[in-house]
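Student: Let's see this in three dimensions:
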Amino acid sequence: MLYKKKILKVLLISSTLLGFSAIINNLIGIIEAMMNNHVPNNGVGVLVLVILTLIFLTLYLMTNKGYIRFASYVLIYILILSSLYSSIFWGADIPQSLLIFALAIVMSGILINTRFAVINTILISFFLLLISYLQINNIVHLNLYWKKHLFGYSDTFIHISTLAIIMVVSWLYNREIEASLQRAETSEEELRKERDLLEIKVEQRTEELKKEQLEKMLNLYRFADFGKLASGLLHDLVSPLTTVSINLEQLSKKKGAVKVQEIDEIINRTVEGTKRMESYVKAARAHIQKQSIEKHFYICDEIENVLHIFAYRIKKENIPIDVNCHKKTSMIGNPIKFNQLMSNLVANALDSYEDLPRTKRGPIFINATKEKNEIVITIEDHGKGIKKNHLKNIFDPFFTTKKAEKGTGIGLAISKDIVEKIFHGEIKVRSIIKKGTTFTVTIPIKP
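Tutor: The predicted structure follows:
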């Protein structure tokens, strides 16, 4: 609406100036006729031109007050009616009337709308055809003095002024359209940037939520996994606890003189039993702990702790474990995370024997070696194996080939995360159906 107001004001100023020009032109014509002793034939009366000019000024003031649409209609119809008046009295081919018709049509499209411009074009065309018919067939008598009148600079000036107004209107309209397009493009670009930024923020937030959710799942997984092993741990604790209980009971029943050697034997058996319980408790605690520590630890000790956790299951399912690890193989890192890594891989190896007959259950080989500046650990089972098309997804969170009650698809995802993010190493897998699977973990040694 602002650009329409701007264009309308320019048109009204131009029309006012055009009106003044017409008044001056008519006055010059009257003066020339009087000087040549001719009867003045001044076309449109000076009084009419003065009234029109005053109307243009009034419309300009109304536009400033906000009556833009009303002023637009009045201006357009004044131009059309004044040109029709000229055409009726001086012919359909009078140049200035045709130029003003063109100006009115252009203004109709710009100030109102295209439909209004089409309607005005049809009406103007109809009246021009009607006037032309009446003129050609001499049904009406027109005042054609202007055809005999010598064409002067004043006439050219009027025509040029009208053409200039049409040009200014078109230029203003195009400028506003281009400015609107520029604003639209700028807004679109800003919206695009905002959308891209929003997408990035949403993606970042989604990633954060995924990490938070995965972290919660990891915590739940550790406790759920420990819950599955709890019965085995309790079974393993019964034996050393029974040993401690029996020896203490024997010691309490001894009456009178007791040999020192006998007391030492009872105490040694009791201490051995408590140490075995302590090792089980330490292994269980390492399995569920979530700590970020860096210290020197021995690979074999952590593997033994893990096997303590699974001892009951290993014995129950009759799966032999063959560990090849040098006692002094060590590294600096997070032993708790290493324990969790080995627990997941050992559990996965044990799960691979599901549904296999006990007689066909080959051993699980665990090898830990130091090669140059890295520790290489392999866990090789002789279970069912993994299908080739599943290998690429084996480390994806929640991807599992096990039954719903047997696996969550979290264990191997955790293992990969520990290897890559905690130890900055890599984990690989190769598998052959009905032959078995081998996981290879490579961890660089910190200086």
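
Student: How about Asn64, nearest residue that isn't a chain neighbour?
Tutor: Lys9 (7.7 Å; C-beta to C-beta, 6 or more residues apart in numbering). Glycine gets a C-beta too; all of them are placed from N, C-alpha and C.

Student: again, but for Ala413
Tutor: Spatially, and ignoring its direct neighbours in sequence, Ala413 is nearest to Pro397 (4.2 Å; C-beta to C-beta, 6+ apart).

Student: I believe that neighbour is in a helix; please confirm or correct that.
Tutor: No: counting by DSSP: H, G, I helix; E, B strand; the rest coil, Pro397 is not part of a helix but coil.

Student: I figured it hits Leu412, correct?
Tutor: No: counting by C-beta atoms under 8 Å, Pro397 does not reach Leu412; the two are 9.1 Å apart.

Student: Between the two, point out the one with more neighbours.
Tutor: Under the criterion of other C-beta atoms under 10 Å, the comparison of Pro397 against Leu412 puts Leu412 first, with 23 against 18.

Student: residue contacts, that one?
Tutor: Taking C-beta atoms under 8 Å, 6 or more residues apart in numbering, we find Leu412 in contact with Asn344, Asn348, Ile394, Phe395.

Student: In a markdown table: those residues, plus neighbour count.
Tutor: Converted to a markdown table, these look like this (neighbours: other C-beta atoms under 10 Å):
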| residue | neighbour count |
| --- | --- |
| Asn344 | 24 |
| Asn348 | 22 |
| Ile394 | 20 |
| Phe395 | 18 |
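
Student: Thr440 reaches Thr378, doesn't it?
Tutor: Yes: the criterion here is C-beta under 8 Å, and Thr440 meets it with Thr378 at 5.1 Å.

Student: tell me which residues in stretch 123-137 are buried?
Tutor: Of the residues in stretch 123-137, Ile124, Phe127, Leu128, Ile131, Gln135 count as buried by neighbour count, 16 or more other C-beta atoms under 10 Å.

Student: same check, this time on stretch 350-361
Tutor: Residues of stretch 350-361 classed as buried: Leu350, Asp351, Ser352, Tyr353, Leu356, Arg361 (neighbour count, 16+ other C-beta under 10 Å).

Student: of all these, which comes closest to Val46?
Tutor: Of all the buried residues of stretch 350-361, Val46 sits closest to Asp351, with 108.9 Å by C-beta to C-beta.

Student: Okay, that closest one and Val48: tell me how far apart.
Tutor: With distances taken as C-beta to C-beta, to the nearest Å, Asp351 is found 104 Å from Val48.

Student: just Phe398 next, same as before
Tutor: 89 Å.

Student: Between these two, which is the more surrounded one?
Tutor: Neighbour count, other C-beta under 10 Å: between Phe398 and Val48, Val48 has more, with 16 against 11.

Student: and that one, what helix or strand is that in?
Tutor: Using DSSP states H and E, Val48 maps to helix 46-65.

Student: tell me which element Phe338 falls in.
Tutor: Applying DSSP H and E as the criterion places Phe338 in helix 335-351.

Student: got the contact list for the helix or strand that that helix is followed by?
Tutor: Going down the chain from helix 335-351, the next helix or strand is strand 364-371, by DSSP H and E. With C-beta under 8 Å, 6+ apart as the test, strand 364-371 has contacts from 299-300, 303, 319-326, 329, 346, 349-350, 375-382, 445.

Student: Show me which residues of strand 364-371 are buried.
Tutor: Within strand 364-371, the residues scored as buried using 16+ other C-beta under 10 Å are Ile364, Phe365, Ile366, Ala368.

Student: mind saving the C-alpha coords of it as CSV?
Tutor: Output in CSV follows, covering the C-alpha atoms of strand 364-371 (Å, rounded to 0.1, in the frame of the first residue of the first chain):
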residue,chain,number,x,y,z
ILE,A,364,36.9,-69.8,23.6
PHE,A,365,40.4,-68.5,23.0
ILE,A,366,41.4,-65.2,24.7
ASN,A,367,44.8,-63.9,23.6
ALA,A,368,46.5,-60.7,24.8
THR,A,369,49.9,-59.7,23.4
LYS,A,370,52.0,-56.7,23.2
GLU,A,371,53.1,-55.8,19.7
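
Student: Could you please name the strands it pairs with and the direction of each pair?
Tutor: Strand 364-371 sits in its sheet next to strand 321-325 (parallel), strand 374-380 (antiparallel), going by DSSP bridges.

Student: what's the next secondary structure element after the first one?
Tutor: It stands for strand 321-325. Where DSSP H and E defines the elements, the next helix or strand beyond strand 321-325 is strand 330-333.

Student: That following strand - what's its average pLDDT?
Tutor: Across strand 330-333, pLDDT averages out at 88.

Student: That one packs against which elements?
Tutor: Secondary-structure packing of strand 330-333 (3 or more C-beta pairs under 8 Å, 6 or more residues apart in numbering; DSSP states H and E): strand 295-298.

Student: partner strands of the strand it packs on, parallel or antiparallel?
Tutor: Sheet pairing for strand 295-298, using DSSP bridges, gives strand 330-333 (antiparallel).
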